[in-house]
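>>> structure here, sequence nowhere to be found:
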C-alpha cells in the first residue's frame, strides 16, 4: 500500500512541476506575442497547421479535428480570413454540397504559420538546452510515449 501511495505522490509532484512549467511558458509566450500585433492564437495555429497538411478541408472537418464548438470555429475562420490585413485562409462553397464550406491555406497563411512555428520552436530549444545528451534522449522517449498515449485516447473518443 505504501508503494502505491508513493507512486501517487510522485505522479502528483510531477504533475505540479509540469503545470508550473506550462504556466511559465504561457507567460513567456504572452510576453513575446505582445510584441507582435498579428500573432496566432493556439486554435488559429492548429487550424493553419491542419490546412497546411491537407489541400482542402471543410469547416466541419476542421472543427472536429481542432475540437472546438461550431460558433468558436466560425470566429476562427472569420479571423483567419482577415488576419492583420491578410487572408490566411480562403473559403469557397463546396461544389458537391453547397451547404459546406471548403477551406484552404493561402501563401500568407503558410508564411504566418512558419513564423509562428519558428518562434515556438526557438522557445522550446532554449528550454531544452539545459539538458545533456542522456537527459535529452530519456526525455525524448518519455515525450513520445506520452504523445502516443494522448493521441490514442483522443482517437478513441
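Perfect, thanks for sending it. Computed from a prediction, not measured in an experiment: that's the story for all the values here.
>>> so who does the most centrally placed residue in the chain touch?
When C-alpha atoms, centre = their mean is applied to the chain, the residue found nearest the centroid is residue 46 (4.7 Å). For residue 46, the contact set (C-beta atoms under 8 Å, 6 or more residues apart in numbering) comprises 65-66. Heads up, the C-betas are built off the backbone N, CA and C, glycines and all.
>>> number the residues from 457 up from this point.
With the count now opening at 457, the last piece we talked about shows up as residue 502.
>>> which SSE is it in?
helix 498-509 (DSSP states H and E).
>>> and if you look at residue 598?
Per DSSP H and E: helix 589-611 holds residue 598.
>>> okay, buried residues for stretch 567-576 please.
Under the neighbour-count criterion of 16 or more other C-beta atoms under 10 Å, stretch 567-576 has 568-569, 572, 575 buried.
>>> how about a markdown table for those, with distance to residue 602 and secondary structure added?
Output for these, formatted as a markdown table (distance: C-beta to C-beta, whole Å; DSSP: H, G, I helix; E, B strand; the rest coil):
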| residue | distance to residue 602 | secondary structure |
| --- | --- | --- |
| 568 | 28 | helix |
| 569 | 24 | helix |
| 572 | 23 | helix |
| 575 | 23 | helix |
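>>> show me how far the helix holding residue 598 is from its chain's centre.
16 Å (C-alpha atoms, centre = their mean, to the nearest Å).
>>> likewise stretch 507-523?
What separates the centre of stretch 507-523 from the centre of its chain is 13 Å, taken as C-alpha atoms, centre = their mean.
>>> brilliant, that's me finished.
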